[in-house]
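>>> Provided below for reference: sequence and predicted model.
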Amino acid sequence: MKPNLKPATLAAQALHYVDPATGGVVPPVQPSTTFARDAEYAPVDPAYSYGRDDNPGYLQVEAVLCALEHGADALVFPSGMAAIAALFRTLKRGDAIVAQRPIYFGASAWLEMFSARREIRLRRFDGAAPGTLENAVRDAKPAIVWIETPSNPMLDVIDIRKAVEIAHGCGALLAVDSTAASPILTRPLELGADLVVHSATKYLNGHSDVLAGVLVSAQPDERWAAIRADRHDAGALLGPFEAWLLLRGLRTLALRVERASANALAIVRFLEEHPRVERVLYPGLASHPQHEVAGRQMNGGFGGLLSFLVEGGAKDALAVAGRLQVILRATSLGGIESLIEHRFTIEGSGTGVPPNLLRLSAGIEDTDDLIADLAQALDFGRARSTPR
């Protein structure tokens with residue numbers, strides 16, 4: 001009997017993996033797209049016949065992800081959007097979706113396009129006012145309720161247990177994008193959600209060198225079978241080397257999330273006191289409107305993602321980002337390096353993202369170096385301000 005292991009142990013040991021052929025404690029990469037059969041044409045190993053069906057690398061990383069999320073089954077995809085698309089392609093014309101707004105720009109734009117093309121009714125609710133979910137569900141009678149918590153880039157936090165109650169009350173599934181939390185901090189299936197999705201490109205891999213996505217299901221029902229079939233038939237598969245890199249990244253997940261969360265908390269405390277910062281968005285701050293909810297469902301930290309509004313407008317925010325010397329200006333989040341992005345430049349005016357917002361993904365660097373970099377960028381061109 002194996003003990004009931006914590007997520008950090010499950011991830012670090014990759015489910016106590018030992019290569020049966022060599023005894024190696026690191027899984028090998030199996031790049032083959034096809035697998036041999038014997039003289040009677042039976043597969044040499046019944047688990048493998050062709051790369052579009054299965055690969056040892058997929059199964060290894062899926063097993064770890066399933067264990068981390070306490071799910072019944074997991075599937076890896078070549079990107080987070082591929083995972084999201086596989087879920088929503090199970091809907092029929094005339095079905096309805098209730099989805100949070102604002103959320104990750106790519107998912108939001110794709111949902112709008114997909115719903116219009118498939119004649120699916122899409123109803124949105126305000127993530128900053130989670131009470132609006134109940135009204136949206138009542139009016140739409142959806143098949144799927146989609147939430148993202150904490151959300152990107154506004155850091156809204158949705159009470160997953162409450163969302164489960166509302167979704168299930170009208171016969172809908174609750175799907176949760178938990179990318180910003182990772183299974184180290186939040187496990188939505190334990191809170192009653194039906195499906196959890198991650199852009200595995202972000203915290204799960206954590207090294208900015210893999211595009212990947214994952215869906216984990218609480219139960220292998222009819223919709224899950226349709227998702228599995230869609231992945232196979234559409235060929236939405238992760239490459240064997242990418243699966244290996246994702247598994248490699250997962251083994252340090254707990255350490256990276258712990259360090260990124262600690263760095264983010266120190267950074268937001270500094271930013272809250274700076275006179276050139278208009279507002280800080282981070283669920284770990286008592287000033288966050290859903291801080292209490294975040295404290296209940298995020299265990300061990302509040303994540304490495306934060307946003308802040310620079311006093312002034314887009315020009316002022318871009319000037320601060322442009323003066324940074326340690327924190328890198330780049331898209332994405334969840335990597336070992338700290339990244340900053342001016343989301344208005346990426347999203348434009350249609351999504352409601354404030355023009356003076358900078359999104360920061362805290363990495364694992366020295367905390368003092370990160371804060372010093374932000375200080376010199378914010379203080380440039382004026383005498384150093386006394387913290388208020």
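Yep, it's here.

>>> Would you mind splitting this structure into its domains for me?
7-250, 253-379 (automatic domain parsing).

>>> Kindly check the end-to-end length of the longest one for me.
If I follow you right, that is domain 7-250. By Cα to Cα, to the nearest Å, the extent of domain 7-250 from end to end equals 10 Å.

>>> repeat for the last one
When the termini of domain 253-379 are compared using Cα to Cα, they are 34 Å apart.

>>> just the helices in the stretch 251-388 of the chain please.
For the stretch 251-388 of the chain, the helices defined by DSSP state H, counting those that start in this stretch occupy 253-272, 291-297, 314-323, 343-347, 367-379.

>>> elements contacting the shortest one?
Which is helix 343-347. Contacts defined by 3 or more Cβ pairs under 8 Å, 6 or more residues apart in numbering; DSSP states H and E place helix 343-347 against helix 105-118, helix 314-323, strand 357-361. Backbone N, C-alpha and C define where each C-beta goes, glycine included.

>>> H207 is nearest to which of these?
With Cβ to Cβ as the measure, strand 357-361 is the member of these nearest H207 (13.1 Å).

>>> What pairs with the closest one, parallel or antiparallel?
When pairing is defined by DSSP bridges, strand 357-361 lines up against strand 305-310 (antiparallel), strand 339-342 (antiparallel).

>>> Show me which positions of the shortest one end up buried.
Meaning strand 339-342. Neighbour-count burial for strand 339-342, counted by 16 or more other Cβ atoms under 10 Å, picks out L339, I340, E341, H342.

>>> sorry, back to before: what's the closest of the helices of the stretch 251-388 of the chain to H168?
Distance to H168, taken as Cβ to Cβ, is lowest for helix 291-297 among the helices of the stretch 251-388 of the chain, at 17.2 Å.

>>> For that closest one, buried residues please.
Within helix 291-297, judged by 16+ other Cβ under 10 Å, the buried ones are V293, A294, Q297.

>>> quick one: contacts of that helix?
Helix 291-297 is contacted by residues 149-150, 157-161, 186, 191, 283-285, 288, 302 when judged by Cβ atoms under 8 Å, 6 or more residues apart in numbering.

>>> Repeat the analysis, applying 6 Å as the threshold.
Residues from elsewhere that reach helix 291-297 (Cβ atoms under 6 Å, 6 or more residues apart in numbering): V157, D159, I160, T186, P283.

>>> same question, stretch 135-149
Counting by Cβ under 6 Å, 6+ apart, 91, 95-100, 103, 123, 125, 157-158, 163, 166-167, 170, 172-177 sit against stretch 135-149.

>>> Likewise for stretch 210-228?
Here stretch 210-228 makes contact (Cβ under 6 Å, 6+ apart) with 65, 69, 71-77, 79-80, 82-83, 86, 90, 189, 194-201, 238, 242, 245-246.

>>> could I get stretch 38-56 in CSV with only the CA atoms?
Extracted C-alpha coordinates of stretch 38-56, given in CSV (Å, rounded to 0.1, in the frame of the first residue of the first chain):
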residue,chain,number,x,y,z
ASP,A,38,4.6,-10.3,-33.7
ALA,A,39,4.3,-13.1,-36.2
GLU,A,40,0.6,-13.4,-35.4
TYR,A,41,0.2,-9.7,-35.9
ALA,A,42,-0.5,-9.0,-32.2
PRO,A,43,1.2,-5.9,-30.8
VAL,A,44,4.4,-6.6,-29.0
ASP,A,45,3.0,-4.5,-26.1
PRO,A,46,-0.8,-4.3,-26.2
ALA,A,47,-0.6,-0.7,-24.8
TYR,A,48,1.0,0.7,-28.0
SER,A,49,0.2,0.4,-31.6
TYR,A,50,0.5,3.9,-33.2
GLY,A,51,1.7,7.3,-32.1
ARG,A,52,-1.7,8.9,-32.6
ASP,A,53,-3.2,6.4,-30.2
ASP,A,54,-0.7,6.3,-27.3
ASN,A,55,2.9,6.9,-26.4
PRO,A,56,4.7,6.0,-23.1
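
>>> Now do that stretch, average pLDDT.
For stretch 38-56, the mean pLDDT works out to 90.

>>> same thing with stretch 273-281?
Here stretch 273-281 scores 98 as its mean pLDDT.

>>> show me the contacts for I267.
Taking Cβ under 6 Å, 6+ apart, one finds A362 in contact with I267.

>>> residue nearest the centroid of this protein?
By Cα atoms, centre = their mean, the chain has its centre lying nearest to T179, at 1.2 Å.

>>> so it sits in a helix?
No. T179: not assigned to a helix; according to DSSP: H, G, I helix; E, B strand; the rest coil it is coil.

>>> Many thanks, have a good one.
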